[in-house]
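# model this:
(2 chains)
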There are 2 protein chains.
Amino acid sequence: MTEQQEPNKATIEQAGNRISSYLHRTPVLTCSALNRMFGTELYFKCENFQKAGAFKSRGATNAVLQLKKNELVHGVATHSSGNHAAALALAASRLGISAFIVMPENSNRIKINAVQEYGGKITFCKPTLEAREQTLKLVLENTSATEIHPYNDYRIIAGQATATMELLQDFPDLQMILAPVGGGGLLSGTALAAKYFGRNISVIAAEPAGADDAHRSFRSGSFIPSENPKTIADGLLTSLGSLTYPIIMKHVDDVVTVSEESIKEAMKLVWERMKIIIEPSSAVPLGAILERKVVVGHLKTGIIISGGNVDLSALPFNL
Amino acid sequence: MTEQQEPNKATIEQAGNRISSYLHRTPVLTCSALNRMFGTELYFKCENFQKAGAFKSRGATNAVLQLKKNELVHGVATHSSGNHAAALALAASRLGISAFIVMPENSNRIKINAVQEYGGKITFCKPTLEAREQTLKLVLENTSATEIHPYNDYRIIAGQATATMELLQDFPDLQMILAPVGGGGLLSGTALAAKYFGRNISVIAAEPAGADDAHRSFRSGSFIPSENPKTIADGLLTSLGSLTYPIIMKHVDDVVTVSEESIKEAMKLVWERMKIIIEPSSAVPLGAILERKVVVGHLKTGIIISGGNVDLSALPFNL
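Residues are numbered from 1 along each chain as shown, chains lettered A, B, ... in the order given. Next comes the predicted model:
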């Protein structure tokens, strides 16, 4: 059952059926104040209300539910400082299997708490990619667990695609969809779902200027990983993967970059006007509209709000 | 058409019909994490998503829509430092009439901005009740506007009652409802709606310990106004009114007090777990549950989330 090929219409629909009893069908919200402000119609798919507070639960749940019996015994493992860690821990706990999570020792307290609350078994490591990968290798050897990569996995991509599938079931006449891009799991899933379930929709990715590997890779046509990315949008620090990059090149219409100031301003705007908590990564698409990097005009535009996990003791609102 | 009597079932239903095309029917949210934490079932009526960000729009709209032609010409007026000011300005602007708002000169910038955005005409005054009342008196003389009191008005009470009417239409088998209490407009409306639309429901009011006039008045059986109230729950600083106090004495089952620490903790809990922005006043009922001042047990319990207007540059999360 494991998906070894790029998700198609059927595999995304199967993912939707597979995960539906485990997760929320999140609401799509609109805001008349923001629509007035931008002179357009925005439809926010609110994955901040998803289980574990982010779209990551879709992919993690879709992957875990496809494990074979002999894999389930040993549990799953990943390295992640963020929402994938919590999502995988929660998905594993729902099936009664172990989740071994490698986290950098400087990870956000909130994210560590979430993983622990969902029963994830954390191994801390130094905060470098090398240390994370080496520690995960050791954990995999010791536990025989199955690695579930945060984005470079077709099961993950198919799971993330279900957010846009639902959005288009609710609002079939959307003309544009904006999503943030980090490793590209959400973005590639969004693009595939737009292709299979939409009517000739533009898909635009928004990326922090301080972590612009997707922008540079997209524009140059060759894969350029991030070096020392730096942004408040902590979910978008990673580089594209070998599976996500080709999907994005083929199905995404543009990748635009957004300044830190616009990300903060967009986040504040959503908090103040929509009264919902979104994390900085979720604010990047609206930041792109604020900067007029994306011209929405009168297009009915969907925006994927990727998550709502924020450390409330360290907010960026002293602007 | 002006209501001169305590709202009954028919007047609350009429208020609901009168305001429905102007306002949101707000969602009722549940949160599995909070239900697990408290071992109960909580149903949050989310007036933070209401127009102008608070339940106050219900009462203000219900009042303005009952003005006579000769009253409409001169507009409406009130003194308020908070959500009633914005709600009245918005309601007036929807009818194309003037709203004259007397605000203390030290009012929150966010609240001033909201009133201005909705076209309210602000007169600033010294931040004392005496100055507010005297300034309003002058404004009323100069403009011939009709005063719309924030809570001591049966039209306002009937409007606020519609929140609980809707909640009980959605969840008819609630066994308890919790609401915050300041001037008592929301609470008296909640109690009347629980009586007319619920099935033998307990109504419990939660009040900041630092502004406990309702608690003391309720327990002593005689009206005791606040002196120097002080609380982070800035919507609950006012004392009960001559119209709200008797309704509360008759129809509310208990009034409990909550510490500032519990209000902040409850607010943070809702932000972190439900990913929605609620203002401190809205957090007081959950604070009462946290402090076990209200024992919800397995009762299906409704909680009125009164509003979501918060100054994001001055948050109370440095606990």
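
# For chain B, see how far away the closest residue to residue A:88 other than its chain neighbours is.
Counting by C-beta to C-beta, 6 or more residues apart in numbering or on different chains, the nearest residue to residue A:88 once its immediate chain neighbours are dropped is residue A:60, at 4.4 Å. All C-beta atoms are positioned from the backbone trio N, CA, C, and that covers glycine. Counting by C-beta to the nearest C-beta, to the nearest Å, the gap between residue A:60 and chain B amounts to 17 Å.

# show me what contacts the closest residue to chain B within the stretch 101-250 of chain A?
With C-beta to the nearest C-beta, the shortest gap between the stretch 101-250 of chain A and chain B falls at residue A:110, namely 7.7 Å. Under the criterion of C-beta atoms under 8 Å, 6 or more residues apart in numbering or on different chains, the contact list for residue A:110 reads A:309, A:310, A:311, B:272.

# how much space between it and residue A:81?
With distances defined as C-beta to C-beta, to the nearest Å, the gap from residue A:110 to residue A:81 amounts to 11 Å.

# Ok, residue A:7 next?
Computed with C-beta to C-beta, the distance linking residue A:7 and residue A:81 is 26 Å.

# what do you get for residue A:89?
When distances are taken as C-beta to C-beta, residue A:89 and residue A:81 turn out to be 13 Å apart.

# And residue A:122, by the same measure?
According to C-beta to C-beta, residue A:122 stands 11 Å off from residue A:81.

# In terms of neighbours, single out the busier of these two.
Neighbours around residue A:122 and residue A:81, counted as other C-beta atoms under 10 Å in any protein chain shown, are more numerous at residue A:81. The numbers are 22 against 16.

# which residue sits closest to the more buried one in space, ignoring its chain neighbours?
Here the nearest residue to residue A:81 in space, its sequence neighbours aside, is residue A:107; by C-beta to C-beta, 6+ apart that works out to 4.6 Å.

# same check, this time on residue A:240
residue A:184 (4.5 Å).

# can you list the weak-confidence ranges in the stretch 51-200 of chain A?
For the stretch 51-200 of chain A, not a single residue meets the criterion pLDDT under 70.

# got the residue ranges for the strands in it?
In chain order, the stretch 51-200 of chain A shows strands spanning A:76-79, A:99-104, A:121-125, A:146-147, A:176-180, with DSSP state E, counting those that start in this stretch as the criterion.

# got the ones you listed as JSON lines, with distance to residue B:253 columns?
Formatted as JSON lines, these follow (distance: least, C-beta to C-beta, whole Å):
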{"stretch": "strand A:76-79", "distance to residue B:253": "49"}
{"stretch": "strand A:99-104", "distance to residue B:253": "45"}
{"stretch": "strand A:121-125", "distance to residue B:253": "46"}
{"stretch": "strand A:146-147", "distance to residue B:253": "54"}
{"stretch": "strand A:176-180", "distance to residue B:253": "48"}
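
# Next, count neighbours for residue A:8.
Using other C-beta under 10 Å as the criterion, residue A:8 is surrounded by 14 other residues.

# backbone phi and psi for it, please?
Taking degrees, to the nearest 10, you get phi -110, psi -170 for the backbone angles of residue A:8.

# looking at it, the residue nearest to residue A:240 is touching residue A:248, isn't it?
Yes: shown here, residue A:184 and residue A:248 form a contact pair, counting by C-beta atoms under 8 Å, at 5.5 Å.

# Quick check: neighbours shared by these two?
With the criterion set as C-beta under 8 Å, 6+ apart, the overlap between the contacts of residue A:184 and residue A:248 is A:214, A:240.

# Which one's more surrounded, these two?
residue A:184 (31 against 22).

# Tell me who's in contact with the more buried one.
The contact partners of residue A:184, by C-beta under 8 Å, 6+ apart, come to A:151, A:214, A:240, A:241, A:244, A:245, A:247, A:248.

# Would you map the helices across chain A?
For chain A, the helices defined by DSSP state H cover A:9-19, A:32-38, A:56-64, A:69-72, A:83-95, A:109-117, A:129-143, A:154-170, A:185-197, A:213-220, A:244-251, A:260-274, A:280-290.

# May I see those helices organised as a markdown table, with distance to residue A:205 added?
Written out in a markdown table, the entries for the helices of chain A read as follows (distance: least, C-beta to C-beta, whole Å):
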| stretch | distance to residue A:205 |
| --- | --- |
| helix A:9-19 | 19 |
| helix A:32-38 | 19 |
| helix A:56-64 | 17 |
| helix A:69-72 | 33 |
| helix A:83-95 | 18 |
| helix A:109-117 | 24 |
| helix A:129-143 | 22 |
| helix A:154-170 | 13 |
| helix A:185-197 | 5 |
| helix A:213-220 | 6 |
| helix A:244-251 | 7 |
| helix A:260-274 | 14 |
| helix A:280-290 | 8 |
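
# and among these, the most buried is which?
Ranked by mean neighbour count under mean count of other C-beta atoms under 10 Å in any protein chain shown, the helices of chain A are led by helix A:56-64, which reaches a mean of 31.

# Format the CA atom coordinates belonging to that helix as PDB.
Once side chains and other backbone atoms are set aside, the C-alpha atoms of helix A:56-64 remain, and they are given as PDB (Å, rounded to 0.1, in the frame of the first residue of the first chain):
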ATOM      1  CA  LYS A  56       1.500  18.100   9.500                       C
ATOM      2  CA  SER A  57      -1.000  15.800  11.200                       C
ATOM      3  CA  ARG A  58      -2.500  15.000   7.700                       C
ATOM      4  CA  GLY A  59       0.800  13.700   6.300                       C
ATOM      5  CA  ALA A  60       2.000  12.000   9.400                       C
ATOM      6  CA  THR A  61      -1.400  10.200   9.900                       C
ATOM      7  CA  ASN A  62      -1.500   9.200   6.300                       C
ATOM      8  CA  ALA A  63       2.000   7.700   6.500                       C
ATOM      9  CA  VAL A  64       1.500   5.900   9.800                       C
END
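
# and the closest residue to chain B within the stretch 1-150 of chain A, how far is that from residue A:275?
When distances are taken as C-beta to the nearest C-beta, the stretch 1-150 of chain A approaches chain B most closely through residue A:48, which lies 4.6 Å from it. Distance of residue A:48 to residue A:275, given as C-beta to C-beta: 12 Å.

# Show me what from the stretch 101-250 of chain A comes close to chain B.
residue A:110 (C-beta under 8 Å from any C-beta of the partner chain).

# try it again with 10 Å
A:110, A:113, A:114, A:117 (C-beta under 10 Å from any C-beta of the partner chain).

# can you pull the contacts of the third one?
If I follow you right, that is residue A:114. A:52-54, A:82-83, A:85-87, A:89-90, A:108, A:120, A:309, B:272 (C-beta atoms under 10 Å, 6 or more residues apart in numbering or on different chains).

# what do you get for the second one?
Taking C-beta under 10 Å, 6+ apart, we find residue A:113 in contact with A:86, B:272.

# Surely residue A:167 and residue A:177 touch.
Yes: counting by C-beta atoms under 10 Å, a contact exists between residue A:167 and residue A:177, whose distance comes to 7.4 Å.
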